[in-house]
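Q: Next input, structure requested:
(one chain, ligands or ions: 2)
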Amino acid sequence: MNALFRAGSNPGRRYDYLIVGAGFAGSVLAERLASQHGARILLIDRRPHVGGNAYDEPNEAGILYHKYGPHIFHTNSSQVVDYLSQFTEWRPYEHRVLAYVREKLVPIPINRTTLNTLFDLDLKTDEEAADYLASRAEPVDDIRTSEDVVINAVGRELYELFFRGYTRKQWGLDPSELDKQVTSRIPTRTNTDDRYFSDTFQAMPLQGYTAMFEKMLDHPLIEKRLGTDFREFKDRAHELADHIIYTGPIDEYFDYRFGKLPYRSLRFDHQTLEEDRFQPVAVVNYPSEDVPFTRISEYKHLTGQQSPVTTVTYEYPSAEGDPYYPIPRPENQELFKRYEALADQAEGVTFVGRLATYRYYNMDQIVGQALATFRRLDEKKPQNQETAVAAE
Ligand code: FAD
Ligand code: UDP
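A: Numbering: from 1, shown residues only. Ligands and ions are numbered 1, 2, ... in the order given. Here you go, the predicted model:
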């Protein structure tokens, strides 16, 4: 890190922006600011690679796998698709997930097939399935928690079979202690649509996420320093750049002044198996609390890769480790708001991304957030910036 400062012995600041974090949030902003403003960017990440949690790489067996768990791209935003399509082609892929319940593999989200298979029924129409669910549902007047959402839609038995155990494992909390937004991510269906997402655009980057990031960041004004932790030079950061864009955890930026913001972590157990195919779909969920992991993912389904071997990942939720998930519940949101108030006061720093804004956002939402942040910076751009850069 000292090299950054030694090399910077010239008195002027060497960069217009220091961007902390090379995930979607940081990389989109680096690309936009370099290509649209001619801004000089220093992009750092404490990990040895770009891509943030979406990073993928071929393993020793040559299988493209996702180091931080399976990432499936889906969105309803044509703006986000158009933007990312500058840097990748797409492989059409519709995600399907099965849940292992009562020794059967059944579709999740719960749909008509799930009900027929699990309860040995013969529901033939949407109406019949809707009536059946209505007969089991236990209406909740004021839906606030992740338990309320599911009980209200499908009743207690299905809630316990599919949601209670999975959620307790994933979050270390009972669904009744989590905001409704968590389980609201999973719809209930009366038809036989067994896709996990209903979005208009569902696809995987053809060569993988890392290849897409490399193309996005391939710009002469973007300098990358990987394996570089902002904490090591935070106090001198403004010597390097006028403006900082920070996409790491917001509580860490403020030295945990108000205490730690809870984030949920995961341990990934990646295994390569000497078989062509391990499971029928990309992801199988294990909601039972008798099983310690939450889900198993098999990458060949996502990528279409052909090989006599296959790579799978078991996910074990954990309180310790890298921060992966902000935990949506009212007291955490209150604590975040205190940090956010500090962030609003901070001069020359913009906070963006899943960890810095403490939002349980998908990749497309983060791209949307970063593009909106760029538009705000664009409006505030000093008139002379382009001239200054052009004159160098
Ligand atoms: P991140 O990707 O977390 O990037 C932040 C970067 O900042 C990290 O690389 C980190 O190393 C770096 N950093 C932090 N602090 C510092 C510091 N002090 N110094 C230097 N660098 C620092 N979304 C979907 O749309 N579909 C999915 O299928 C999906 N699956 C997911 C599965 C899992 C297991 C997880 C955890 C997330 C999943 N997501 C999925 C969400 C997706 O990962 C995020 O929306 C997205 O990656 C957020 O991008 P980001 O840039 O905000 O954060
Ligand atoms: N969930 C569940 N059972 C399932 C799938 C999901 O209880 O079979 C709940 C769980 O609380 C999970 C949330 O719904 O964290 C959101 O699921 P999603 O698949 O969107 O989680 P992510 O991919 O973000 O980990």
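Q: distance of the closest residue to residue 182 other than its chain neighbours from residue 171?
A: Once flanking residues are discounted, residue 182 sits nearest to residue 146: 4.5 Å by C-beta to C-beta, 6 or more residues apart in numbering. All C-beta atoms are positioned from the backbone trio N, CA, C, and that covers glycine. Using C-beta to C-beta, to the nearest Å, residue 146 is found at 9 Å from residue 171.
Q: shared neighbours, those two?
A: Counting by C-beta atoms under 8 Å, 6 or more residues apart in numbering, the contacts common to residue 146 and residue 171 are 178, 182.
Q: who's more crowded, these two?
A: Taking other C-beta atoms under 10 Å, residue 146 and residue 171 do not tie; residue 146 has more neighbours (29 against 20).
Q: what pLDDT does the more buried one get?
A: pLDDT for residue 146: 98.
Q: quick one: it and residue 69, what's the gap?
A: From residue 146 to residue 69 the distance is 20 Å (C-beta to C-beta).
Q: what does residue 372 give?
A: 26 Å.
Q: same question, residue 294
A: Applying C-beta to C-beta to residue 294 and residue 69 gives a distance of 10 Å.
Q: what do the two both touch?
A: Common contacts of residue 294 and residue 69, defined by C-beta under 8 Å, 6+ apart, comprise residue 315.
Q: Give me the contact status of the lengthiest helix in the chain with ligand 1.
A: As assigned by DSSP state H, the longest helix anywhere in the chain is helix 363-380. Yes. Helix 363-380 is in contact with ligand 1 by C-beta under 6 Å from any ligand atom, via 363-364, 366.
Q: Kindly report the same for stretch 297-308.
A: No. Counting by C-beta under 6 Å from any ligand atom, ligand 1 has no neighbours in stretch 297-308; the shortest distance is 9.1 Å.
Q: before we move on, what about stretch 70-81?
A: Yes. Using C-beta under 6 Å from any ligand atom, stretch 70-81 reaches ligand 1 at 70-72.
Q: Just the buried residues of those residues.
A: For the residues of stretch 70-81 next to ligand 1, a burial check counting by 16 or more other C-beta atoms under 10 Å picks out 70-72.
Q: can stretch 307-321 be found next to ligand 2?
A: No. Stretch 307-321 is not in contact with ligand 2 by C-beta under 6 Å from any ligand atom; minimum separation 8.2 Å.
Q: From the rest of the structure, what touches that stretch?
A: Contacts of stretch 307-321 with the rest of the structure, by C-beta under 8 Å, 6+ apart, involve 59, 61-63, 65-66, 69-70, 169-172, 264-279, 292-300.
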